[in-house]
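> Sequence and predicted structure are below.
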Amino acid sequence: MGFTMLEILAVLAIIGIIASMAAVSWFSFVNNQRLNATQSRAYSTLRLAQSNAKRSNIMWQASFRNTPTGSQYAIHPAPTSTTNKAYWDNLPWQNFDEGVRIVDNTETEPRTTLTKLTAIPEPDVYRVQFKSQGNPNGLGELGRITFVSRVGDRKKCVIISTLLGSIRQAESSGCNQT
């Protein structure tokens, strides 16, 4: 019992179609997982900066930036004096998951609304400072950091919504609520 060339080609075509559908779903799943992990890491970063400020009784800062190769974050004591390029370059920067970037404050909603430092750091840095009581350092520190996958349009964010330092997570249109 043998198969004709036409039957073999039909089976291969069906397998190819099914495999391409599975690949699209798989890439979508992987991108969503990266976005979830980045959102969770940003939430943890803000909570750690807040906790460090309470524990050490000094102001701490969470900093975020996009670089040409990816997005990064750093947790550090807030600078007490004027900073220079070397200060920013020597922070303990860590990378977010590959393929995820911070939505800039010039893009469409929901975009990042945290304080953006543009004078000295290169690339630009978004920051949040927490006082020793754990609350943000003024109204300018309230806002959100928004992430998007380099492929797709799903957005996830972490929001600092009250002067007491309440931090929460949201996604897509939920990021527009403050």
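Yep, that arrived. Numbers count the residues shown, from 1 in each chain.

> which helices and strands does the longest helix along the chain pack with?
Ranked by residue count, the top helix of the chain under DSSP state H comes out as helix 5-56. Under the contact criterion of 3 or more C-beta pairs under 8 Å, 6 or more residues apart in numbering; DSSP states H and E, helix 5-56 touches strand 60-67, strand 70-77, strand 100-102, strand 125-130, strand 143-149, strand 155-160, strand 167-171. The way it works is simple: take the backbone N, C-alpha and C, and place the C-beta from them, glycine included.

> Give me the contacts around the last one.
Contact with strand 167-171 is made by 39-40, 43, 46-47, 50, 144, 154-161, 177, as judged by C-beta atoms under 8 Å, 6 or more residues apart in numbering.

> The longest helix of the chain relative to strand 125-130, how many degrees between them?
40 degrees (axes from the mean of the first three to the mean of the last three C-alpha atoms, to 10 degrees).

> picking that back up, now for the contacts of strand 167-171, which sits with the most neighbours around it?
Ranked by the number of neighbours (other C-beta atoms under 10 Å), these place Val158 first, at 29 neighbours.

> Let me know how buried Val103 is, in neighbour terms.
22.

> I'd guessed it sits against Thr146; true?
Yes: assessed by C-beta atoms under 8 Å, Val103 is found in contact with Thr146 at 4.1 Å.

> Identify the contacts common to those two.
Common neighbours of Val103 and Thr146 (C-beta under 8 Å, 6+ apart) are 110-112, 155.
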